[in-house]
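Q: Okay, predicted coordinates and the sequence, questions at the end:
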2 protein chains.
Amino acid sequence: MPFEILHANIQKHIHLTNDDKARLFTVLKPKSIKRKNFILHENQVSTHATFVLKGCLKAYTVNDNGFEHIIQFAPEDWWVTDMYSFISQKPGNIIIEAIENSEVVQLSRADQLRLFDDIPAFERYFRIITEKSLVSYRTRLMDNMSLTATERYAGFCEQYPTLITKLPQKLIASYIGVTPEFLSKMRARQRNKSI
Amino acid sequence: MPFEILHANIQKHIHLTNDDKARLFTVLKPKSIKRKNFILHENQVSTHATFVLKGCLKAYTVNDNGFEHIIQFAPEDWWVTDMYSFISQKPGNIIIEAIENSEVVQLSRADQLRLFDDIPAFERYFRIITEKSLVSYRTRLMDNMSLTATERYAGFCEQYPTLITKLPQKLIASYIGVTPEFLSKMRARQRNKSI
DNA sequence: CGTCTATTTGAATGTACTCAAAAGCGGTGG
DNA sequence: CCACCGCTTTTGAGTACATTCAAATAGACG
């Protein structure tokens, strides 16, 4: 079963019959994507949502000065898409790129909407994960507004211990919203304190 | 029809039969709430989602130093809740308070889930507004990470022209993530430039 | 092994905050 | 209707957190 990870993920939230599962699998498109390759470019319409089976992607924007701001890391067992573009089917400003060689499956918005019509359980599944995702964006927004860079970094280390070990610092800096130089200095301060 | 605003809002996204509408109206609880009164306290479970018929509410957190950070304004025709607490039914850290005398209707999570089971169109409605809400949190997060305070203020003025006129500056400062003093200074700078 | 990218370190700078005090404004009661 | 009180807004001086720019070092990949 190639998509077993996704199936397990779905079953955590709803119950799928074998028919439902079969129906889903007919519309999923598997894709291999090499490190530094793109699933979505800027100004492109996000026709598909992407579920990561293996590897890791990043979703980010690029501002006027050419700086990347990482919206989301998508390791194994995560969905990633430009939700704005995906629901409006208009061009978005988000870039999705593999940071490791990865295996993903993709679901088009059109297929997703057909699934919603035919199998209410799917609409429930996406309703639930969208609710959770909303909470995590909201939490991150409030953290950005009320915490210092040091506190945000500590929070990231706590929340994503596995990502810390495998991601370059530069990307973590971009996610928590500081320059790579400043993250390096924060880490130096921490080392001096703890010694 | 007391809840006509809500009905109109729902119809923008899905089609409701008269039966569906009647069913919804039996579980909605109307409530009047005076300025400076609360519909949700910190550490309380958010049992209900609230739709504003008239007036305006604010949802915010309070940090360790006693500073408010406004998550959301909820004027007429908006839903507001502590999504984390609402979906988990655990105590949250968000406060919801009326900033004008307001009229609202409330829907309990339990009633909402029953509606989802019985009438898939309701699940669709909330799935859609949750998707949109997620996009707006994501946009705001990225704005906070990549824009200066001046740019965020300009963006707020553009996006919510009606709120600008009726909200005290203090609250706008809290929403865009600056101190009231600094917002005042930004506005002074703007005035000097444009003269 | 060499090249390219990531990380570290330092000095100078800037954006936004803190604290304090004055001025403005709005609502309420006499 | 006016006067007072409390809250919001303004202004200023000093400060801090984080950035920018530059250069050196370390590390990773082909």
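A: Right, received. Where do you want to start?

Q: DNA strand D contacts on chain A?
A: When proximity is defined by C-beta under 7 Å from any atom of the strand, chain A lies next to DNA strand D at A:65, A:148, A:149, A:150, A:177, A:178, A:179, A:181, A:182, A:185. (Glycine included, C-beta is placed from N, CA and C.)

Q: Which of those residues sits closest to residue B:8?
A: Residue B:8 lies nearest to residue A:177 out of the residues of chain A next to DNA strand D, by C-beta to C-beta, at 38.8 Å.

Q: So for that closest one, what pLDDT did the model give?
A: At residue A:177, the pLDDT value in this model is 97.

Q: From the residues of chain A next to DNA strand D, keep the buried residues only.
A: The neighbour-count test (16 or more other C-beta atoms under 10 Å in any protein chain shown) applied to the residues of chain A next to DNA strand D identifies A:149, A:150, A:177, A:178 as buried.

Q: Is it correct that residue A:52 is in contact with residue A:80?
A: Yes: with contact defined as C-beta atoms under 8 Å, residue A:52 reaches residue A:80; the gap is 6.9 Å.

Q: The helix or strand of chain A at the bottom of the mean pLDDT ranking vs DNA strand C: in contact?
A: Within chain A, no helix or strand scores below helix A:180-194, which has a mean of 90 by mean pLDDT, DSSP states H and E. Yes: using C-beta under 7 Å from any atom of the strand, helix A:180-194 reaches DNA strand C at A:180, A:181, A:183, A:184, A:185, A:187, A:188.

Q: Tell me the most packed of the residues you listed, by neighbour count.
A: Counting neighbours by other C-beta atoms under 10 Å in any protein chain shown, residue A:183 comes out on top of the residues of helix A:180-194 next to DNA strand C with 19 neighbours.

Q: How about the contacts made by that one?
A: Residue A:183 sits next to A:149, A:153, A:169, A:172, A:173, A:176 when contact means C-beta atoms under 8 Å, 6 or more residues apart in numbering or on different chains.

Q: Keep only those of those residues that are also close to DNA strand C.
A: Counting by C-beta under 7 Å from any atom of the strand, residue A:169 from the contacts of residue A:183 sit close to DNA strand C.

Q: Give me the PyMOL select line for the contacts of residue A:183, limited to the buried ones.
A: Filtering the contacts of residue A:183 down to the buried ones (16+ other C-beta under 10 Å) takes a single PyMOL command:
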select buried, chain A and resi 149+153+172+173+176
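
Q: For the contacts of residue A:183, which two are the farthest from each other?
A: A:149 and A:169 (13.2 Å).

Q: Of all the residues in whatever helix or strand residue A:125 lives in, which ones are buried?
A: According to DSSP states H and E, residue A:125 maps onto helix A:120-146. Of all the residues in helix A:120-146, those buried under the rule 16+ other C-beta under 10 Å are A:120-135, A:137-146.

Q: so what secondary structure elements neighbour whichever helix or strand comes after it?
A: Going down the chain from helix A:120-146, the next helix or strand is helix A:149-159, by DSSP H and E. Contacts defined by 3 or more C-beta pairs under 8 Å, 6 or more residues apart in numbering or on different chains; DSSP states H and E place helix A:149-159 against helix A:120-146, helix A:169-176, helix A:180-194.

Q: per-residue confidence averaged over helix A:149-159?
A: For helix A:149-159, the mean per-residue pLDDT is 97.

Q: circling back to that earlier point, ok, the contacts of residue A:183 vs chain B, which is closest?
A: Using C-beta to the nearest C-beta, residue A:176 comes nearest to chain B of these, at 9.1 Å.

Q: Contacts only, for the residue lying closest to that closest one once chain neighbours are set aside.
A: Once flanking residues are discounted, residue A:176 sits nearest to residue A:152: 4.5 Å by C-beta to C-beta, 6 or more residues apart in numbering or on different chains. Each residue near residue A:152 by C-beta under 8 Å, 6+ apart is listed here: A:143, A:144, A:176, A:177, A:178.

Q: how about the nearest residue to the first one, chain neighbours excluded?
A: Among residues not flanking residue A:143 along the chain, residue A:152 sits closest, at 5.7 Å (C-beta to C-beta, 6+ apart).

Q: interface residues of chain A facing chain B?
A: A:61, A:63, A:67, A:69, A:71, A:83-84, A:87, A:116, A:120, A:123-124, A:126-128, A:130-135, A:137-142, A:144-146, A:177 (C-beta under 8 Å from any C-beta of the partner chain).

Q: Turn the residues of chain A next to DNA strand D into TSV, including distance to residue B:7.
A: Below are these laid out as TSV (distance: C-beta to C-beta, whole Å):
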residue	distance to residue B:7
A:65	47
A:148	46
A:149	46
A:150	49
A:177	41
A:178	47
A:179	50
A:181	54
A:182	51
A:185	56
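
Q: what two of those have the greatest distance between them?
A: Farthest-apart pair in the residues of chain A next to DNA strand D is A:65 and A:150; separation 24.2 Å (C-beta to C-beta).

Q: Low-confidence ranges, chain A, go.
A: A:1-2, A:194-195 (pLDDT under 70).

Q: make it 90
A: A:1-4, A:63-66, A:190-195 (pLDDT under 90).

Q: quick one, what contacts the closest residue to residue A:137 other than its chain neighbours?
A: Counting by C-beta to C-beta, 6+ apart, the nearest residue to residue A:137 once its immediate chain neighbours are dropped is residue B:137, at 4.0 Å. Listed by C-beta under 8 Å, 6+ apart, the contact set of residue B:137 reads A:134, A:137, A:138, A:141.

Q: for these, which one is nearest DNA strand D?
A: Closest approach to DNA strand D among the contacts of residue B:137 (C-beta to the nearest atom of the strand): residue A:141, at 15.4 Å.

Q: If you drop the residues flanking it in sequence, what lies closest to the closest one?
A: Nearest non-adjacent residue to residue A:141, counting by C-beta to C-beta, 6+ apart: residue B:141, 4.7 Å away.

Q: so that neighbour sits right up against residue A:70, yeah?
A: No: counting by C-beta under 8 Å, no contact exists between residue B:141 and residue A:70, whose distance comes to 10.8 Å.

Q: and chain A, what are its domains?
A: Each domain of chain A is listed here as a residue range: A:4-146, A:147-195, per automatic domain parsing.
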